[in-house]
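# dropping the sequence and predicted coords here.
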Amino acid sequence: MTLPLYAIEDLSRVNRRTFLAVTNSLFAAALWAPRAMGAVLKRPTFSADPFQLGVASGDPAPDGVVLWTRLAPKPLEGGGAPDEPIEVTWQVAEDEQMTKVVQKGTTTANPQWAHSVHVEVNGLKPDRWYFYQFQAGDAVSPKGRTRTTPAADTMPERLRMAFASCQQFESGYFTAYEHMAKDDLDLVLHLGDYIYEGAARPGGVRKHVGPRLATLEDYRNRHAQYKTDAALQAMHAAVPWVVTWDDHEVANNYADLISENPKDTVEEFRQRRAAAYKAYYEHMPLRRAALPQGPDMLLYRKIAYGQLADILNLDTRQYRTDQPCGDGVVAPCEAVFDPNATILGETQRKWMFDTLSASKAKWNVMAQQVMVAKVDLKLGEEVGYSMDKWTGYEADRRATLKFLHDRKITNPVVLTGDIHTNWANELIADFDNLDSAVVAAEFVGTSITSGGDGLDEPRDLSARLAENPCVKFCNSKRGYVRCDIKKDEWRTDFQTVDYVSRKDAPVQTRASFVLQSGSSKLNKA
Ligand code: FE
Ligand code: CA
């Protein structure tokens, strides 16, 4: 099908809200266009389909959402679109056939932003499904479906969402997303490790293109390679996503501007982080508020779902101090308790506390990267805590749990990625006193693929659980986590696939937990 190309003369026929949206996108285009508006290529020709990376939407609000695509006829070789600003038209409709168009406009895909397109649509109705599509020249994108959030003052009946993390492309197929797509969800959260930075390695089911990532071009090609995955693309096209990153979007276990590799200077790493953050922005449905400025990018933000849930998306990488005690899983050294050490950074922590204090939501969700529960990872007498997780940053970990407890924050739920295993944890106010109050629930989601097929049970599971009574469930198959959230009850289903080394693995629900509003105790369902 062909979309009518949007002409500015048509403005007399559209309502004021559309006019504002169009004016905004023209303003944005003017800001980013390197030359006069007249130089924008309106009739581009492409060497191949420019929409091979699909479409996505994200960061929904009651009146709008971000629509994303990127023109990339040669996705693995720098993109391949003409090296000029290119006009892209977009439409939002109430129906999948795109006959009841409610918004449309024109934007510019600029070469300095890898011909990515981020349209912030507004003027939509709350709590509704919409469909959208892009066109550049004669090329028409696949259709996407998205949904606005409920109005701020309403109590929606339910929110169905899933969260995912850690999708090492070489380790397996993204079958988990094929099952997720059948789940009738409103929202997907991605908690990081959307890409991995390593060069191709032998033995995987697929191969990374390019070297170990360092330059902007490297990061762009890697993001593009991941986005060519059909299951990932279909899930992006099905519902809005809210994304945050962990370490592998840049490099393993980095902390602020400190690389894991002591040979990397801060200046080298600053440039690498700037390249990685820019490529991340270019490939994600993010608002202009997240536009990177050199090596900095504002990713922590709140998504509200009426009065049912506030979802705080945290960034535990960009502002943290270096991992203490040499990183790794070790007995805590003094630096773990340094009051100046931080995993959130002072500004983000204040924002989190202020946002939680002001919340009127029934469920207060902290969607983030690394495990908060204090879990002893060494069997027997010896103790070992991960220095890359909240257990390496005792000041922030204790202050956060104390804050949730003292301020009686309503139904806090922490969602976590990173460790390629499923966990259900009760977070207690003081881990030195195992009888202290349970102040929050933590659900840790396994990987989409990272680590390969996985095990039914982690090694020495029962001994580990006995040493860590706050842990109610642990499993190391691949998959995703599904949450069904209602006013009085939260249900979590740990969905696992039997394997990722071959296609078409079946899915099963490995465990389910229910939280009743008013208590953070986990009930096995
Ligand atoms: Fe990971
Ligand atoms: Ca131990």
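Arrived safely. A quick note: this is a predicted structure, and the numbers were derived from the prediction, not measured. Numbers count the residues shown, from 1 in each chain. Ligands and ions are numbered 1, 2, ... in the order given.
# quick check: closest non-adjacent residue to the spatially most central residue of the chain.
Centroid-nearest residue in the chain: residue 243, 2.0 Å away (criterion: CA atoms, centre = their mean). Nearest residue to residue 243, sequence neighbours excluded (CB to CB, 6 or more residues apart in numbering): residue 190, at 4.4 Å. For the C-beta atoms, the positions are set from N, CA and C on the backbone; glycine is no exception.
# check what pLDDT that neighbour gets.
On pLDDT, residue 190 comes in at 99.
# quick check on it: phi, psi?
Backbone geometry at residue 190, expressed as degrees, to the nearest 10, gives phi -110, psi 120.
# quick one: it and residue 239 touch, right?
No - with contact defined as CB atoms under 8 Å, residue 190 does not reach residue 239; the gap is 11.8 Å.
# the residue nearest to the centre of the chain: what's it in contact with?
By CB atoms under 8 Å, 6 or more residues apart in numbering, the contact list for residue 243 reads 58, 189-190, 194, 284-286, 313.
# buried among those? Need that as a selection in PyMOL.
Those of the contacts of residue 243 that count as buried under 16 or more other CB atoms under 10 Å are selected in PyMOL with:
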select buried, resi 58+189+190+194+284+285+286+313
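# need the contacts of residue 243 in a markdown table (columns: distance to residue 165 and secondary structure).
Output for these, formatted as a markdown table (distance: CB to CB, whole Å; DSSP: H, G, I helix; E, B strand; the rest coil):
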| residue | distance to residue 165 | secondary structure |
| --- | --- | --- |
| 58 | 16 | strand |
| 189 | 9 | strand |
| 190 | 7 | strand |
| 194 | 8 | coil |
| 284 | 14 | coil |
| 285 | 17 | coil |
| 286 | 17 | coil |
| 313 | 13 | strand |
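# identify the residue nearest residue 460 in space, chain neighbours excluded?
residue 379 (5.8 Å).
# from ligand 2, how far out is that neighbour?
Plainly put, residue 379 is 5 Å away from ligand 2 if you go by CB to the ion, to the nearest Å.
# look up how far ligand 1 lies from that residue.
As judged by CB to the ion, residue 379 and ligand 1 stand 23 Å apart.
# after the strand or helix carrying residue 220 comes which helix or strand?
Following DSSP states H and E, one finds residue 220 within helix 216-227. As assigned by DSSP H and E, the chain's next helix or strand after helix 216-227 is helix 230-238.
# give me the contacts around that next one.
53-57, 142-145, 167, 173-178, 180-181, 185, 188, 226-227, 241, 285.
# got the angle for it vs helix 216-227?
Interaxial angle of helix 230-238 relative to helix 216-227 (axes from the mean of the first three to the mean of the last three CA atoms, to 10 degrees): 90 degrees.
# domains of the protein?
Listed by automatic domain parsing, the domain ranges of the chain are 1-32, 38-147, 158-524.
# pick out the shakiest of the ones you listed, pLDDT-wise.
The stretch with the lowest mean pLDDT among those is domain 1-32, at a mean of 38.
# closest residue of the stretch 201-350 of the chain to ligand 1?
residue 248 (5.8 Å; CB to the ion).
# just the helices from the stretch 401-525 of the chain, written as ranges.
Along the stretch 401-525 of the chain, counting by DSSP state H, counting those that start in this stretch, helices occupy 461-467.
# partners of the helix or strand hosting residue 119 in the sheet?
Assessed by DSSP H and E, residue 119 sits inside strand 116-121. Strand 116-121 has the following strand partners under DSSP bridges: strand 64-70 (antiparallel).
# what are the buried residues along the partner strand?
For strand 64-70, by 16+ other CB under 10 Å, it's 64-70.
# who does the strand ranked longest in the chain pair up with?
If you go by DSSP state E, the chain has its longest strand at strand 471-486. Strand 471-486 pairs in its sheet with strand 158-164 (antiparallel), strand 422-428 (antiparallel), strand 454-455 (antiparallel), strand 489-497 (antiparallel), by DSSP bridges.
# I'd like these as TSV, with mean neighbour count and distance to residue 364 appended.
Output for these, formatted as TSV (neighbours: other CB atoms under 10 Å; distance: least, CB to CB, whole Å):
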stretch	mean neighbour count	distance to residue 364
strand 158-164	22	13
strand 422-428	23	13
strand 454-455	18	31
strand 489-497	22	11
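# please tabulate those in a markdown table and include distance to residue 322 as additional columns.
A markdown table is the format used below for those (distance: least, CB to CB, whole Å):
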| stretch | distance to residue 322 |
| --- | --- |
| strand 158-164 | 28 |
| strand 422-428 | 25 |
| strand 454-455 | 31 |
| strand 489-497 | 33 |
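# quick check, residue 400 in a helix?
Yes - according to DSSP: H, G, I helix; E, B strand; the rest coil, residue 400 belongs to a helix.
# neighbours of it, how many?
Counted by other CB atoms under 10 Å, the residues lying close to residue 400 total 25.
# how near is it to residue 242?
Distance, residue 400 to residue 242, by CB to CB, to the nearest Å: 21 Å.
# likewise for residue 155?
For residue 155, the distance to residue 242 - CB to CB - is 21 Å.
# which of these two has more neighbours?
Taking neighbours as other CB under 10 Å, residue 155 and residue 242 compare with residue 242 leading, 23 against 11.
# alpha carbons of the strand holding residue 119, as CSV, please.
What follows is the C-alpha trace of strand 116-121 in CSV, where atoms were taken according to Å, rounded to 0.1, in the frame of the first residue of the first chain:
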residue,chain,number,x,y,z
SER,A,116,16.8,7.4,12.7
VAL,A,117,13.3,8.8,13.2
HIS,A,118,11.8,9.6,16.5
VAL,A,119,8.4,11.1,16.3
GLU,A,120,6.8,12.3,19.5
VAL,A,121,3.1,12.0,18.7
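# strands of the stretch 301-450 of the chain, start to end?
For the stretch 301-450 of the chain, strands defined by DSSP state E, counting those that start in this stretch occupy the ranges 301-305, 309-313, 329-330, 363-367, 385-386, 412-416, 422-428, 438-444.
# out of the ones you listed, which gets nearest to ligand 2?
Using CB to the ion, the strands of the stretch 301-450 of the chain put strand 385-386 closest to ligand 2, at 9.8 Å.
# who does the closest one touch, helix- and strand-wise?
Packing contacts for strand 385-386, counted by 3 or more CB pairs under 8 Å, 6 or more residues apart in numbering; DSSP states H and E, involve strand 329-330.
# now whichever strand or helix holds residue 88 and strand 64-70, what's the angle there?
Per DSSP H and E: residue 88 is located in strand 86-93. Strand 86-93 and strand 64-70 are oriented at 140 degrees to each other (the same axes, to 10 degrees).
# the spatially closest residue to residue 431 that is not a sequence neighbour: how many residues sit nearby?
Spatial nearest neighbour of residue 431, excluding adjacent residues (CB to CB, 6+ apart): residue 374 at 4.0 Å. Look at residue 374: counted by other CB under 10 Å, it has 22 neighbours.
# any figure for the gap between residue 374 and residue 164?
To residue 164, residue 374 is 25 Å away according to CB to CB.
# could you do residue 170 as well?
Here residue 170 is placed at a distance of 17 Å from residue 164 (CB to CB).
# what of residue 390?
21 Å.
# ligand 1 contacts on the stretch 201-350 of the chain?
Taking CB under 5 Å from the ion as the criterion, the stretch 201-350 of the chain does not approach ligand 1 at any residue.
# which stretches of the stretch 201-350 of the chain form helices?
Using DSSP H, counting those that start in this stretch, the helices of the stretch 201-350 of the chain run over residues 216-227, 230-238, 266-282, 346-358.
# and the residue of the stretch 201-350 of the chain nearest ligand 2?
Closest point on the stretch 201-350 of the chain to ligand 2, by CB to the ion, is residue 331, at 9.6 Å.
# burial count for that residue?
Neighbour count for residue 331, taken as other CB under 10 Å: 12.
# likewise the one 5 residues further on?
Under the neighbour criterion other CB under 10 Å, residue 336 is assigned a count of 20.
# list the residues that contact it.
324-325, 385, 387, 391-394.
# at 7 Å what do you get?
324-325, 392, 394 (CB atoms under 7 Å, 6 or more residues apart in numbering).
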